[in-house]
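J.: Got a predicted structure here, sequence first:
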Amino acid sequence: MQYLLLIYASEAEEARMNEAAISAILGEYHEFTQSIIAGGQFKGAERLRPVTTASTVRVRNGKTVITDGPFAETREQLGGYYLVEAKNLDEATAIAARIPSAKMGSIEVRPIWPMS
Amino acid sequence: MLATLIRLLGDFDLAEEARQEAFAAALEQWPARGLPSNPRAWLVEVGRNKAIDQIRRQALLRSKFPQLALEAEEPAAAPAEVEEDDAAFGDDRLRLIFTCCHPALNIEAQVALTLRAVCGLSTEAVARAFLVGEETMAQSLVRAKKKIREAGIPYETPPPQLLDERIGGVLAAVYLVFNEGYAVTSGAALIRAELCLEAIRLGRLLDALLPRRAAIQGLLALMLLHDARRRSRVSAEGDVVLLEDQDHSLWDWPQIDEGLALVERALRAGGSVSPYAVQAAIAALHAQAPRRGTTDWPQIAGLYEVLLRLQPSPMVELNRAVAVSMVDGPARALDLVDALAARGGIDDHHLLFAVRAKLLQDLDRRAEALEAYRAALQAARLEPERRLLARRIAEFDP
């Protein structure tokens, strides 16, 4: 079976971390990722940019509505994901609007934070 | 110029710094060496070179901006004349407007960014317009620019299939700027002319860059017609002067004529009817009333009918009721207002109570009218509007 492991953490707390704490946690992440790669369990992982960069796409009555900010309704639950390559936010939101659930639910579009 | 630098450098902050450095260089060099043949192109070229120098200093060059790195290898001694014509500058401004008014930014951020980057207002002036502190405004501008950069909001004019919708978004932001200037939502100052003028300037710019579009022409006409009556809307004491009591000699007649001509064009343009054009047509009929000696209420009522179908809202319904009272009398209008109140939505808005009060007064139902005026006074927030309602109540029992 495959599982998606979702990481929730306080962005405010992360922003308060000092240099040493950040490099310590990055080290831990590196070690963890290497260990599951070695174990043959790794499928993929990305870091997301903060929610301040998020946009939400909904399609209602055939019209695409884009709003600033993350998905914020508690009556809808996370049900899946796509990782896509797009040349800019307009292309990404256009793809998001084509996801069938965009007609009933909401698609949160978050840029990936390149780690190099 | 800022718009062009943003396109060349791909970054808002870098472009703002580059512009400042270019102006500083111009102050230093122009008095001694004379004006370059194309000052704007000179400023852009110098600004770009300064930015490249800065990137180079930060040693980010090779990894982040490979294209600029290549160009920077060339000697940047005497700034060459770049081949940027007026059309290219216009296109850059348009790109900048669409980026600032991108739907993935919240509307407040869109308006603030547009005023700062397109209109060139200082952060302090934008903060004053929003009634927030300069520090707060600076932070939200930083946040908006960060979102543009990190979320990949494109710096381009939208493709044809998105263009109409995005123009709609831009016009909503421009109209918000105008309305912020025309009537603040709280406090004592009713009119802030500067924002109205900026909004009109933006409207003219859009009309020049995207000609013959009914929505743009319609909004520009609407703003011109409203703004032309600005000086007569408030008395010397800061009180509201209603349309029927305004001094027509204070109206800006050349601006009204410009607005009237634009409305004609907007209504004749092909495609679907723009709600802005319909609102402008209503404003046009009001503006023509003094010359005609009478207000064309039947046509105004008809236009509200059209507007209601294009853009249903309780406020449009309320306005239609006022027009109906002028055509069919207060009894029919009161029925419309009561039906509107029963459906809810604006049941606690002071204008609903105020319109109801006036209709009841016209029907000589004095006790109910007084009660409605009191409800209106309780709901009104703007000081000049409160004073107007208080005057109405005072006139009641002589």
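T.: Thanks, I have it. Residues are numbered from 1 along each chain as shown, chains lettered A, B, ... in the order given.
J.: Next to chain B in this structure, residues from chain A, please.
T.: Taking Cβ under 8 Å from any Cβ of the partner chain as the criterion, chain A approaches chain B at residues A:49, A:52-55, A:66-69, A:86-90, A:92-93, A:109, A:111. (Glycine included, C-beta is placed from N, CA and C.)
J.: Residue numbers of the stretch 151-300 of chain B in contact with chain A?
T.: B:A151, B:G152, B:I153, B:P154, B:P158, B:L162.
J.: rerun at 10 Å
T.: B:151-156, B:158-159, B:161-162, B:165-166, B:169 (Cβ under 10 Å from any Cβ of the partner chain).
J.: Greatest separation within the residues you listed: which pair is it?
T.: Greatest spacing in these, by Cβ to Cβ: B:A151 and B:Q161 (21.0 Å).
J.: Tell me which of those two has more neighbours.
T.: B:A151 (23 against 8; other Cβ atoms under 10 Å in any protein chain shown).
J.: residues contacting the more buried one?
T.: Contacts for B:A151 (Cβ atoms under 10 Å, 6 or more residues apart in numbering or on different chains) come out as A:49, A:52-55, A:68, A:88-89, A:92-93, A:109-111, B:102, B:104-105.
J.: again, but for B:V273
T.: By Cβ under 10 Å, 6+ apart, the residues touching B:V273 are B:A214, B:A215, B:G218, B:A266, B:L267, B:A281, B:V306, B:L307, B:R309, B:L310.
J.: distance of it from chain A?
T.: Counting by Cβ to the nearest Cβ, to the nearest Å, the gap from B:V273 to chain A is 19 Å.
J.: What are the buried residues along stretch B:257-270?
T.: Neighbour-count burial for stretch B:257-270, counted by 16 or more other Cβ atoms under 10 Å in any protein chain shown, picks out B:E258, B:G259, B:L260, B:L262, B:V263, B:E264, B:A266, B:L267, B:A269.
J.: how far does it sit from the chain's center?
T.: Centre-to-centre, stretch B:257-270 and its host chain are 19 Å apart (Cα atoms, centre = their mean, to the nearest Å).
J.: The closest residue to B:L8 other than its chain neighbours: what secondary structure?
T.: Sequence neighbours aside, B:R48 is the residue nearest to B:L8 in space, at 5.3 Å (criterion: Cβ to Cβ, 6 or more residues apart in numbering or on different chains). Counting by DSSP: H, G, I helix; E, B strand; the rest coil, the backbone at B:R48 sits in helix.
J.: From the rest of the structure, what touches the strand or helix carrying B:R265?
T.: Using DSSP states H and E, B:R265 sits in helix B:253-268. Here helix B:253-268 makes contact (Cβ under 10 Å, 6+ apart) with B:200, B:203, B:207, B:212-230, B:252, B:273-274, B:276-285, B:287-288, B:290-291.
J.: can I see the domain layout of chain B?
T.: B:2-84, B:296-398 (automatic domain parsing).
J.: looking at these, which is closest to A:P100?
T.: Of all the domains of chain B, domain B:296-398 sits nearest to A:P100, with 29.6 Å by Cβ to Cβ.
J.: Might you list the low-confidence residue ranges for the chain?
T.: Since you didn't name a chain, this refers to chain A. Counting by pLDDT under 70, the ranges of chain A that qualify are A:116.
J.: oops, I was thinking of chain B
T.: Using pLDDT under 70, the flagged stretches of chain B are B:58-85, B:183-191, B:397-398.
J.: what ranges do the strands span in it?
T.: Under the criterion DSSP state E, chain B carries no strands.
J.: residues making contact with the longest helix seen in chain A?
T.: In chain A, with assignment by DSSP state H, the single longest helix is helix A:19-38. With Cβ under 10 Å, 6+ apart as the test, helix A:19-38 has contacts from A:L5, A:I7, A:A9, A:E14, A:M17, A:N18, A:Q41, A:F42, A:K43, A:A45, A:R47, A:M115.
J.: What ranges does chain A have for its helices?
T.: A:11-16, A:19-38, A:89-98.
J.: Show me chain A divided up by domain.
T.: As given by automatic domain parsing, the domain ranges for chain A are A:1-45, A:47-113.
J.: which residue lies farthest from the center of chain A?
T.: Centroid-distance maximum for chain A: A:N61 at 26.5 Å, with Cα atoms, centre = their mean.
J.: next one: phi and psi at it?
T.: A:N61 adopts backbone torsions of phi 50, psi 40, taken as degrees, to the nearest 10.
J.: Distance of it relative to B:E244?
T.: A:N61 sits 41 Å away from B:E244, going by Cβ to Cβ, to the nearest Å.
J.: again, but for B:Q29
T.: 59 Å.
J.: Quick check on those two: which one has the bigger neighbour count.
T.: It is B:Q29, of B:Q29 and B:E244, that has more neighbours when counted by other Cβ under 10 Å, with 15 against 8.
J.: so what's the more buried one up against?
T.: By Cβ under 10 Å, 6+ apart, the neighbours of B:Q29 are B:L35, B:P36, B:W42, B:V46, B:P79.
J.: Looking at these, which is nearest chain A?
T.: Closest approach between the contacts of B:Q29 and chain A, by Cβ to the nearest Cβ: B:V46, at 29.1 Å.
J.: and that closest one, how many neighbours?
T.: 22.
J.: What is the neighbour count of the closest residue to it other than its chain neighbours?
T.: Take B:V46 and drop its neighbours on the chain: the residue closest to it by Cβ to Cβ, 6+ apart is B:A22, 4.5 Å away. Close neighbours of B:A22, defined as other Cβ under 10 Å, add up to 23.
J.: picking up where we left off before, please identify the deepest-packed of the domains of chain A.
T.: domain A:47-113 (a mean of 15; mean count of other Cβ atoms under 10 Å in any protein chain shown).
J.: how far does that domain stretch from start to finish?
T.: The straight-line separation of the ends of domain A:47-113 (Cα to Cα, to the nearest Å) is 5 Å.
J.: same check, this time on stretch A:44-58
T.: Where stretch A:44-58 begins and where it ends lie 27 Å apart, using Cα to Cα.
J.: mind checking how far that stretch is from the chain centre?
T.: 4 Å.
J.: Repeat that for stretch B:125-142.
T.: 17 Å.
J.: Output that stretch as PDB, nothing but the C-alphas.
T.: Provided in PDB are the C-alpha atoms of stretch B:125-142 (Å, rounded to 0.1, in the frame of the first residue of the first chain):
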ATOM      1  CA  ALA B 125       0.200  58.200   0.900                       C
ATOM      2  CA  VAL B 126      -1.200  54.700   0.300                       C
ATOM      3  CA  ALA B 127      -1.400  54.100   4.000                       C
ATOM      4  CA  ARG B 128      -3.300  57.400   4.500                       C
ATOM      5  CA  ALA B 129      -5.800  56.300   1.800                       C
ATOM      6  CA  PHE B 130      -6.500  53.100   3.700                       C
ATOM      7  CA  LEU B 131      -6.500  54.700   7.100                       C
ATOM      8  CA  VAL B 132      -3.700  52.500   8.400                       C
ATOM      9  CA  GLY B 133      -0.200  53.200   9.700                       C
ATOM     10  CA  GLU B 134       2.700  53.500   7.300                       C
ATOM     11  CA  GLU B 135       4.500  50.500   8.900                       C
ATOM     12  CA  THR B 136       1.400  48.300   8.400                       C
ATOM     13  CA  MET B 137       1.000  49.300   4.800                       C
ATOM     14  CA  ALA B 138       4.700  48.700   4.200                       C
ATOM     15  CA  GLN B 139       4.400  45.200   5.500                       C
ATOM     16  CA  SER B 140       1.400  44.400   3.400                       C
ATOM     17  CA  LEU B 141       3.200  45.700   0.300                       C
ATOM     18  CA  VAL B 142       6.100  43.500   1.200                       C
END
